[in-house]
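Visitor: fold the following for me, if possible:
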Amino acid sequence: MTGIRTFTSGGFDNRKSTIVGISVALGVGITQVTDSLAGPGMPAWVDTVFGSSAVVVTAIMAVILNLILPKSEQDAAEEKKQEEKEA
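Guide: Next up, the predicted model:
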C-alpha cells in the first residue's frame, strides 16, 4: 500500500500511470508465461536473474521508463527551481 500511496500523493498523471502499468504488466507477464526467458538463444543467466522474480523485472523496467519518458512541463519546472535553490 505504501508504494501506491507514494505514486498517488503527487498526483497520478499519464506519465506515472504509463510507468506503473507497463512495469507491472511486464512483471506479471514474465511470471505467467512459463520459460519466457529460457530457451535456445537466451543465456542461462537471463533466466536466473530476471525469470525468478517479477519484482526484479518490474523494478528495473520502472527505473528505465522513469529515466527515458519525458517529464511533464510542470515537473521539469519544479526540478529546475530545486536545482537553482541548491546552486
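Visitor: show me where the chain has helices.
Guide: 2-9, 14-32, 44-50, 54-68, 73-86 (DSSP state H).
Visitor: ok, which of the ones you listed comes nearest residue 38?
Guide: helix 44-50 (4.2 Å; CB to CB). From N, CA and C alone the C-beta is placed, and that goes for glycine too.
Visitor: buried residues, that closest one. List them.
Guide: Judged by neighbour count (16 or more other CB atoms under 10 Å), helix 44-50 contains these buried residues: 47, 50.
Visitor: tell me the mean pLDDT for it?
Guide: Model confidence over helix 44-50, given as mean pLDDT, is 81.
Visitor: now do it: which elements does it pack against?
Guide: helix 54-68 (3 or more CB pairs under 8 Å, 6 or more residues apart in numbering; DSSP states H and E).
Visitor: show me the shaky parts of the chain.
Guide: For the chain, the stretches flagged by pLDDT under 70 are 1, 3-4, 7, 87.
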